[in-house]
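S.K.: predicted model, plus sequence, below.
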Amino acid sequence: MAMIKLSVYLLSFFIAASSYGFEANNPFDGVATGEYRIIGTVGFGSGEQQLNKQRDSFGYVSLGITPAVGVWQVELRASHFDDNHVTVDQVGLNFKIDFTLNCHVQCLYWMVGYNYADVDLNNVIRRGYWYREYPPFYPDDRYIYIIDASGSDTFWNAGVGYRIMWTQDFDTSLEYNYNNIGKIERVNLGHLRTLSLNFSYRF
């Protein structure tokens, strides 16, 4: 589902660009003249969902635009996390900004974004207080319950990254990202923390 949404966003993105045509100071005009560049990224790593506290595989793909001189980047990103009990498929808009303006080879940067996610909970076992809508309530550690639920939510993310430019076109980066996921079916998911190694190419 997240990949479908990303495809729709990207299609709208490029159709809008072509329909308005090339104008002065337009980033799409800048791509044609070399002032801006399209950047594609794939990332692989691990994540941990606070609800289940199990670290497992995480991956993402993105397509964005960046000035030829660097400094900032805007990207549309789709990612997937699955620890066999909690699955998170998300798509979002992400902004990256370098900490310095003269970063050419090794760069430290921060990022922030806003996302939509489809979440599926499968046999998540919890022990403790069950937040029922009406009494009776159960005291801590005296009730075990199993969560099977699915839903969607919107949330923000923030993180930091470290990038190494190997050539003018290719770089690798290491990113830590904090995703502030909310509630699904009255179940508070907490945060999703991810660490990924990324490979980017500029066109």
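M.R.: Everything's here; your move.

S.K.: use CA for all of it now, contacts and neighbours both
M.R.: Will do.

S.K.: Asp153 bridge partners, please.
M.R.: Listed beta-bridge partners, Asp153: Ala117 (assigned using DSSP bridges).

S.K.: how much space between it and Arg186?
M.R.: Distance of Asp153 to Arg186, computed by C-alpha to C-alpha, to the nearest Å: 12 Å.

S.K.: which one's more surrounded, these two?
M.R.: Taking other C-alpha atoms under 10 Å, Asp153 and Arg186 do not tie; Asp153 has more neighbours (14 against 11).

S.K.: can you give me the strands in the chain?
M.R.: Using DSSP state E, the strands assigned to the chain run over residues 36-49, 55-67, 72-82, 86-98, 106-127, 144-165, 170-179, 183-184, 187-188, 192-202.

S.K.: adding mean pLDDT, write the ones you listed out as JSON lines.
M.R.: Formatted as JSON lines, the strands of the chain follow (pLDDT from 0 to 100):
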{"stretch": "strand 36-49", "mean pLDDT": "96"}
{"stretch": "strand 55-67", "mean pLDDT": "95"}
{"stretch": "strand 72-82", "mean pLDDT": "96"}
{"stretch": "strand 86-98", "mean pLDDT": "95"}
{"stretch": "strand 106-127", "mean pLDDT": "90"}
{"stretch": "strand 144-165", "mean pLDDT": "89"}
{"stretch": "strand 170-179", "mean pLDDT": "97"}
{"stretch": "strand 183-184", "mean pLDDT": "80"}
{"stretch": "strand 187-188", "mean pLDDT": "79"}
{"stretch": "strand 192-202", "mean pLDDT": "97"}
